[in-house]
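>>> pasting the sequence and the predicted model now:
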Amino acid sequence: MGKRYPVQIHARLPRLMRIIFLGPPGAGKGTQAKLLAKKYTIPQISTGDILREAIRQGTLLGLEAKKFMDKGELVPDTVIIGIIRQRIQEQDCKNGFIFDGFPRTIPQAEALRKMLVLLNLSLDAVLSIVVKDEILIKRISGRRTCPVCNAVYHILHNPPRMPGLCDRDHTPLIQRNDEKEETVRNRLVVYKKQTQPLIDYYKKQGLLKEVDGEQTIEAIYSQIAGFLA
Ligand SMILES: [Zn+2]
């Protein structure tokens, strides 16, 4: 019985967890990030969400970001990094955070590294979910959406009761443009071009963990939990 004592103590301590998630579209990154966010009580931080939030709150950096977005220009890294720096110092990040879609480039990754050093924080892991292109293409191009209620189906994995029609309102289902096979192939090319340097960067730092994203949701989750244990 004595052996169980330290294990229970450990289980009650909040585990600090600072994670970056990398994964192509359709790899199930969002699902896994949600599960981890719940397990460790840490927020999932995406650049798009925090930019919108900073703009909504009218912070100085938010207003700065808005100037670029209104012109249809990319928000400069200095502004993004500033907003992220404020975000990770908020109360709900005290146990850590999950970055989803950030960093996207090596300069962003370098800026993040320097910022974390200044804040005396460190990353625990960079999780890269790996799935073969052909599987991603089948997953994404099989999706059908109801244009009325936004319900999402999959022609193989979650088909509607009547082919091509929404279960709830019988509206003909559509295939979104960004889910058509050609578009998905292009998105994957762009993703790889953008992400490979980051994968190499974090591999060199010994932080990269490659997750087999072709398993079930539960199996993927337990592989990740094993990496983080
Ligand atoms: Zn519907």
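The structure has been received and is ready for your questions.

>>> switch to C-alpha atoms for all contacts and neighbour counts from now on
OK.

>>> which helix or strand contains the closest residue to the ion within the chain?
Proximity of the chain to the ion (Cα to the ion) peaks at residue 149, 4.1 Å away. Using DSSP states H and E, no element contains residue 149; it sits outside every helix and strand.

>>> contacts only, for it.
residue 169 (Cα atoms under 8 Å, 6 or more residues apart in numbering).

>>> likewise residue 195?
22, 104-105.

>>> which of these fall within strands?
residue 22 (DSSP state E).

>>> pLDDT and neighbour count for the contacts of residue 195 - can I get that in CSV?
Below are those laid out as CSV (pLDDT from 0 to 100; neighbours: other Cα atoms under 10 Å):
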residue, pLDDT, neighbour count
22, 94, 27
104, 90, 16
105, 91, 15
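
>>> got the end-to-end distance for stretch 108-128?
One end of stretch 108-128 sits 17 Å from the other (Cα to Cα, to the nearest Å).

>>> pull out the buried positions in it.
108-109, 111-112, 115, 123-128 (16 or more other Cα atoms under 10 Å).

>>> could these be laid out in JSON lines, adding distance to residue 98, secondary structure and pLDDT?
Below are the buried residues of stretch 108-128 laid out as JSON lines (distance: Cα to Cα, whole Å; DSSP: H, G, I helix; E, B strand; the rest coil; pLDDT from 0 to 100):
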{"residue": "108", "distance to residue 98": "16", "secondary structure": "helix", "pLDDT": "94"}
{"residue": "109", "distance to residue 98": "14", "secondary structure": "helix", "pLDDT": "96"}
{"residue": "111", "distance to residue 98": "17", "secondary structure": "helix", "pLDDT": "94"}
{"residue": "112", "distance to residue 98": "13", "secondary structure": "helix", "pLDDT": "95"}
{"residue": "115", "distance to residue 98": "16", "secondary structure": "helix", "pLDDT": "94"}
{"residue": "123", "distance to residue 98": "10", "secondary structure": "coil", "pLDDT": "94"}
{"residue": "124", "distance to residue 98": "10", "secondary structure": "coil", "pLDDT": "94"}
{"residue": "125", "distance to residue 98": "10", "secondary structure": "strand", "pLDDT": "95"}
{"residue": "126", "distance to residue 98": "10", "secondary structure": "strand", "pLDDT": "97"}
{"residue": "127", "distance to residue 98": "10", "secondary structure": "strand", "pLDDT": "96"}
{"residue": "128", "distance to residue 98": "13", "secondary structure": "strand", "pLDDT": "96"}
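
>>> which pair in those residues spans the largest distance?
115 and 128 (22.0 Å; Cα to Cα).

>>> grab the nearest non-local neighbour of the spatially most central residue of the chain.
Centroid-nearest residue in the chain, with Cα atoms, centre = their mean: residue 100, separated by 3.0 Å. Spatial nearest neighbour of residue 100, chain neighbours left out: residue 46 (4.9 Å); criterion: Cα to Cα, 6 or more residues apart in numbering.

>>> where's the one you found relative to residue 156, distance?
Counting by Cα to Cα, the gap from residue 46 to residue 156 is 30 Å.
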